[in-house]
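[1] generate a structure from the sequence data that follows.
(one chain, ligands or ions: 3)
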Amino acid sequence: MFKLPTSLDIQFIEGKYSIPLVVLSFLIAFAASYTALFINRRIRENGFFHKNVWLVLASLAMGLGIWSMHFIGMSAFMLPIHMEYRISITILSIIPAIIASYLAFYFANRKNTGIYTFVAAGIFMGIGISLMHYIGMAAMEMEAGYVYKPDIFILSIIIAMVASFASLYIFSLMNNFMDRIFVKVVTAFLMAIAITSMHYTGMAAMQFYTIDEITAGHEKHEMDVIWVIVFVTISTVSLFLLAVLTSQLDKYVDFRLKNFDALTKLPNQKQFTDDQKKEDKAYSVAIVHLHNLEKYIVAYGYYVADEMVKSISESIEGLLPENVKLYRTEANRFTIVNTNKEQSKKLYVSLEKICAVLKHPLILGEHSITVDMVCSLSKSDDPAWVQEHFSNAIAVLQSPSTVYSHEVIEYNPGIHTFNFERQLMVDIQEAMDNGDLFLVYQPKVDPENGDLVGVEALIRWNHPIYGMVSPGVFIPVLEESQKIYDVTDWIVERVCEQITVWNTANVPFGQVSINIPGIYLTSPRLTSTLNENLERYGIHPAQLELEITETSVIHDMDNAIAALEKFREKGLSVALDDFGTGLSSLSYLKRIPISTIKIDKSFVDGVPASEKDSELLKAIIILGYSLKLHVVIEGVETDSQMDFLRTLEKQPTVQGYYYSKPLEANELEVWISRKTLEIIRE
Ligand code: C2E
Ligand code: CA
Ligand code: CA
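    Residues are numbered from 1 along each chain as shown. Ligands and ions are numbered 1, 2, ... in the order given. Got it, this is the predicted structure:
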């Protein structure tokens, strides 16, 4: 390869360069370097694709560029003889170019690299470019022989290494400024010089000779033009496609990641804000709010919680009218924007349907989950700012008066303000002292004989300004602070006082149930309040029942169970309230030491009209009895519901308007005496 044959007839052949093609070869090298830098920028950003994807794409662009540069450079060189390329080796020669580019970019992109890393990277890159070049040369078949001048041959490799090192080093210094086109242009220019200077030095190392006569007429080999066209076309088109593809992919992935929710595929909060730049007014904005998502995550894990959100999102999407926009603005909130006046009514109906659907348990694998939710709505007759509607809808959700009752709640400026909540907090103390706060008692009846089994104490507040405020409104407000402890203590004392009065007057009330708020259950203060009052009023613990909810137990399972066990040991009954809403996991049911379950009103609402609901209710009642628990059913209102219950083999205790609304103590006494009379008359 370096030695000329020993023949006397050797004739050296001089080649000539076509300047336009030399320029073209440089431009190709430049374009490839620029594309590679452009793609490479992605490596440093945390994106959707792994950074190796971008690294490989950048290496492909660079390798392809070096390769095309070489062949265009070859075509620029004219010899008065015939020559051809062997396709297999030609294609093979691209491999070292790509590998060298990969290594070079790999090293150059590493953080905190010293100069030696770049020396190593420069050597790799230089070897890669040189290998590509000399393999490419070996692919040539021609009528002439050639040798390399050893000194220039070595020089070409050194140039490749030094120029690679220099451009990589500059590249790394400039990497933080690659956003600027100018920096990319300069760096690409340097890289193109590295590639081309190696090539042309390598060519200068070649000496062509022939031993035979030169066949006349081959001033310029015919293959060249076709090769040039093919290479220029392939390389520019590929580079162009690669660049366009990556930049489009880049933009798209970026957009999807930033503006869409990965789980539900719905547009997210950012898209919600972006859309307002285009259309900032609407007739209504609604928010579907799922309450306490963490509760489900804690109970079932992320996978089930995700499936739950996904399934809810699909239900919502399916029920909404067509022209409204749906977003997942927060993990537990879906926002709906309606910009169409005719659609307002339809939207309201859809929202009600959504609430109705979510009232039923979702079946996810082995779990049956009922989600606490509410839907807030702000609407106007004329278009109003989306942001204003949105704030109103949020105000509804933040208002203490809002309960997660599977309802659509419309924004009402009189109620949904922060003042209301604060006012209640302030007023409650006075209400306890002056009699605005009082208790009512709702009977629980055994339907088989009409006997009064017990009563549930329910709190009432006759507020001087707001009138009768529902406990569903103010209890959650009080639960936000320790005020609820004071109020519960007050209730316990009032109930004990009442029990002594009834005991003395021989009123057969059975047992009184008190609702215990979740956060108070595990407090030692509750234990002492109960003990003190039972003792002070001389009450038998069996006359008291505590109503707790599943959710309140789950927060602090072990302590809650320990507290409940103590209460049970003392002789108090414990009822699990609102059974069937919430999590209703059988494993919890078995662990919590309760004596009674109170089946939630929602299970009886559809009975007997819905066969499915009726069967479900029956199954829950049977379940309760099979666990040897008392079963109370809440919210029974109608004759037909009662008729259904009467068909059951063992009838649960009934609490509901069918027998009586909650009554004040004296009203209850009247109710009891009337009932006793009825029974006697029968
Ligand atoms: P809860 O403990 O589930 O109480 C049952 C609720 O259902 C009561 O509403 C009762 O009046 C109502 N109800 C009973 N039968 C029927 C019926 O046939 N039809 C209908 N539509 N409703 C019926 P209330 O008194 O408004 O209480 C609502 C919630 O407020 C209670 O739900 C409870 O969570 C809370 N609460 C009420 N009083 C107290 C209390 O003294 N302390 C605590 N911590 N919470 C209370
Ligand atoms: Ca209750
Ligand atoms: Ca209840």
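[2] so the protein: which segments form each domain?
    Per the record, the chain has its domains at 17-251, 269-418, 436-677, by automatic domain parsing.
[3] chain neighbours aside, what residue packs nearest to D577?
    Closest residue to D577 in three dimensions, ignoring its sequence neighbours and counting by C-beta to C-beta, 6 or more residues apart in numbering: E547, at 4.4 Å. No exception for glycine: its C-beta is placed from N, CA and C like everyone else's.
[4] read off the pLDDT value for the one you found.
    Per-residue confidence (pLDDT) for E547: 97.
[5] residues contacting it?
    E456, S513, I514, N515, I516, V574, A575, L576, D577, K598 (C-beta atoms under 8 Å, 6 or more residues apart in numbering).
[6] of those, which are in range of ligand 3?
    Intersecting those with the contacts of ligand 3 gives D577 (criterion: C-beta under 5 Å from the ion).
[7] out of the contacts of E547, who's nearest ligand 1?
    Within the set of the contacts of E547, N515 lies nearest ligand 1; the separation is 3.6 Å, counting by C-beta to the nearest ligand atom.
[8] so that closest one sits against D577, correct?
    Yes: distance between N515 and D577: 6.9 Å, which falls inside the contact criterion (C-beta atoms under 8 Å).
[9] between these two, which one's more packed in?
    Neighbours around N515 and D577, counted as other C-beta atoms under 10 Å, are more numerous at D577. The numbers are 24 against 18.
[10] just to revisit the earlier point, tell me which of the domains of the chain lies nearest to D261.
    When these are ranked by distance to D261, counting by C-beta to C-beta, first place goes to domain 269-418 at 4.4 Å.
[11] that closest one close to ligand 1?
    No: applying C-beta under 6 Å from any ligand atom, one finds domain 269-418 out of contact with ligand 1, separated by at least 8.4 Å.
[12] tell me the mean pLDDT for that domain?
    Per-region confidence: domain 269-418 scores 91 on mean pLDDT.
[13] ok so, going back, who's the residue nearest to D577 bridged to?
    When bridges are assigned using DSSP bridges, the partners listed for E547 are N515, A575.
[14] please begin residue numbering at 830 from this point
    Sure thing, new numbering starts at 830, so read that last one as E1376.
[15] okay, it and ligand 2: tell me how far apart.
    Relative to ligand 2, E1376 is positioned 4 Å away (C-beta to the ion, to the nearest Å).
[16] so which of the domains of the chain gets nearest I839?
    Sorting the domains of the chain by C-beta to C-beta, the top spot, which is the nearest, belongs to domain 846-1080 at 5.1 Å.
[17] now do the closest one, average pLDDT.
    With pLDDT averaged residue by residue, domain 846-1080 scores 80.
[18] quick one: buried residues of the helix or strand hosting V1269?
    Taking DSSP states H and E as the definition, one finds V1269 inside strand 1266-1275. Judged by neighbour count using 16 or more other C-beta atoms under 10 Å, the buried positions of strand 1266-1275 are L1266, L1268, V1269, Y1270, Q1271, P1272, K1273, V1274.
[19] specify which member of the residues you listed is nearest to Q1311.
    L1266 (16.8 Å).
[20] show me the contacts for the nearest residue to that closest one once chain neighbours are set aside.
    Once its chain neighbours are removed from consideration, L1266 has its nearest residue in A1260; the separation is 4.1 Å (C-beta to C-beta, 6+ apart). Neighbour list for A1260: L1266, W1290, H1292 [criterion: C-beta under 8 Å, 6+ apart].
[21] which positions in the stretch 1280-1429 of the chain make contact with ligand 1?
    For the stretch 1280-1429 of the chain, the residues in contact with ligand 1 (C-beta under 6 Å from any ligand atom) are A1286, L1287, I1288, S1299, P1300, G1301, I1304, I1320, N1344, P1346, D1406, D1407.
[22] again, only using 8 Å
    Residues of the stretch 1280-1429 of the chain lying close to ligand 1 (C-beta under 8 Å from any ligand atom) are 1285-1289, 1299-1301, 1304, 1308, 1313, 1316-1317, 1320, 1343-1346, 1376, 1378, 1406-1407, 1427, 1429.
[23] filter the residues you listed down to the buried ones.
    Among those, the ones that count as buried by 16+ other C-beta under 10 Å are 1285-1288, 1304, 1308, 1313, 1316-1317, 1320, 1343-1346, 1376, 1378, 1406-1407, 1427, 1429.
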